[in-house]
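Q: I would like the atomic coordinates for the input below:
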Amino acid sequence: MFYVSIVIRYEEGKITPLQVTWEDGRSFEVDKVLDVRRAASLKVGGQGDRYTCRIAGKQVYLFYEDGKWLMEGK
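A: Okay, the predicted model is just below:
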């Protein structure tokens with residue numbers, strides 16, 4: 001897992017990720033949020049709100065935990 005910067009839309013108490021920026025400065029638009037639930041990372045543990053998203057045609061998991069955004073890496 002690694003930390004990422006996220007551009008979000010916050011509307012009526014709902015957070016929607018719109019764009020992800022990696023540490024190296026590359027940015028990717030979130031094509032679609034497929035699911036949001038409280039869950040643990042299956043790869044490294046930890047628990048938070050898991051956003052299942054489609055980015056560049058691939059399904060990825062973004063986690064929001066303790067005010068920080070993390071993304072599962074390969």
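Q: could you list every residue that touches L34?
A: Taking CB atoms under 8 Å, 6 or more residues apart in numbering as the criterion, L34 is in contact with 52-54, 59. C-beta: built from backbone N, CA, C; applies to glycine.
Q: Buried residues, the helix or strand containing it. List them.
A: Here L34 is covered by strand 32-40, with elements defined by DSSP states H and E. When neighbours are counted by 16 or more other CB atoms under 10 Å, the buried residues of strand 32-40 are found to be 36, 39.
Q: List the pairing partners of it within its sheet, with orientation.
A: Taking DSSP bridges as the criterion, strand 32-40 sits next to strand 47-55 (antiparallel) in its sheet.
Q: partner strands of the helix or strand harbouring F28, parallel or antiparallel?
A: Element membership of F28 [criterion: DSSP H and E] is strand 27-29. Sheet partners assigned to strand 27-29 using DSSP bridges are listed as strand 14-21 (antiparallel).
Q: What residues of the strand it pairs with count as buried?
A: Residues 17, 20 are the ones in strand 14-21 that count as buried (16+ other CB under 10 Å).
Q: which residues are in contact with it?
A: By CB under 8 Å, 6+ apart, the list of residues contacting strand 14-21 from outside reads 4-10, 27-30, 33, 49, 51, 53, 55, 62, 64, 69, 71.
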